[in-house]
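Q: what shape does this take:
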Amino acid sequence: MRGIRVGVILLIAIFTASAHVISGTVNAIIPAGNFWLWITDGGIIASPTIPHSLHGKWPVNLVCSNGPIKIYELIKGPWVCKVEALNLLGAQPKPQVFWNSTIKGLECGERYLLSDVKEMISKGNQTVVMVPLSGSICKRVKVNATINGENMIINITMIPIKPWVKICPASKMIDVVLVWGKAKSVDVIVNGKEILYAKSK
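A: Residues are numbered from 1 along each chain as shown. The predicted structure follows:
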C-alpha cells in the first residue's frame, strides 16, 4: 500500500496535468495512505476522499498515461449535483447552507423525497449548499459553481423549455441543486439575481 501511495504522489508531482472529465462507474475503491484510488471505467482516480456516488462525472487532471493505464487526480470542488425531489409539504423551501458538513449516498439525477435529501447531509469538513428551485419543471437548469478564495459562488440559470411556455403547472416535484466544497462564505445567484449570501461565523 505504501508503494502505491508514494507512486501516486510522485506521479502527481512530476507530470504536467491536463484537465478531463471522467463519466461512468467506480468499480473498486482502494485505500492508499492519504489517498483513495477509485478504479473507474475510464481510469484510476487519486482522491483524498471516497466518492459520494459510484456513478457520475468527475473533473480530473491527467497525471500519467502509460498505454491503457491512465492515472488522474481529482480536481478539488466545488462539486455540483442536481436531483428531483418530491416536496410533500407544498410550501416552497428556501435555500440552505450547511457548514462543516458533507453529503453521503446521493445519486445525481435521481428522484428523492425532499426530506431524504436533507438526511443525506451530515457532519463533515465541507460547506454544503442546497438550493430548491420553484417552477423549474418546465425549464432547463444550468449550474455553474466556483470557489474564489474562500467564497463559493453558485450561478444558476433557468431557461424555459420553449419560448411560448410562460406558465408552468403546479407540481410537487422540484429540482434541487446541491453544491459542496471548501468555503467560508456562499453567494447564490439565480437568473442574475442574488437570492442568498451567507458567511460562516
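Q: what's across from Ile153 in the sheet?
A: Counting by DSSP bridges, Ile153 forms beta bridges with Thr146, Asp187.
Q: ok, it touching Ala183?
A: No. Assessed by CB atoms under 8 Å, Ile153 is found out of contact with Ala183, at 9.2 Å. C-beta: built from backbone N, CA, C; applies to glycine.
Q: those two: which is more packed in?
A: Ala183 (27 against 17; other CB atoms under 10 Å).
Q: was I right to think that one contacts Ala145?
A: No. Using CB under 8 Å, Ala183 makes no contact with Ala145, being 9.9 Å away.
Q: identify the contacts common to these two.
A: Pro78, Met152 (CB atoms under 8 Å, 6 or more residues apart in numbering).
Q: ok, back up a step: what touches both of Ile153 and Ala183?
A: Ile147.
Q: could you chop this structure up by domain?
A: 2-74, 79-199 (automatic domain parsing).
Q: need those domains in JSON lines (columns: mean pLDDT).
A: JSON lines is the format used below for those (pLDDT from 0 to 100):
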{"stretch": "domain 2-74", "mean pLDDT": "73"}
{"stretch": "domain 79-199", "mean pLDDT": "89"}
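Q: ok now do the closest residue to Ile195 other than its chain neighbours, which residues does it touch?
A: Distances taken as CB to CB, 6 or more residues apart in numbering put Val188 closest to Ile195, at 5.4 Å, once the chain neighbours are dropped. Contacts for Val188 were tallied using CB under 8 Å, 6+ apart; they are Pro95, Val129, Val131, Ile154, Ile156, Glu194, Ile195, Leu196, Tyr197.
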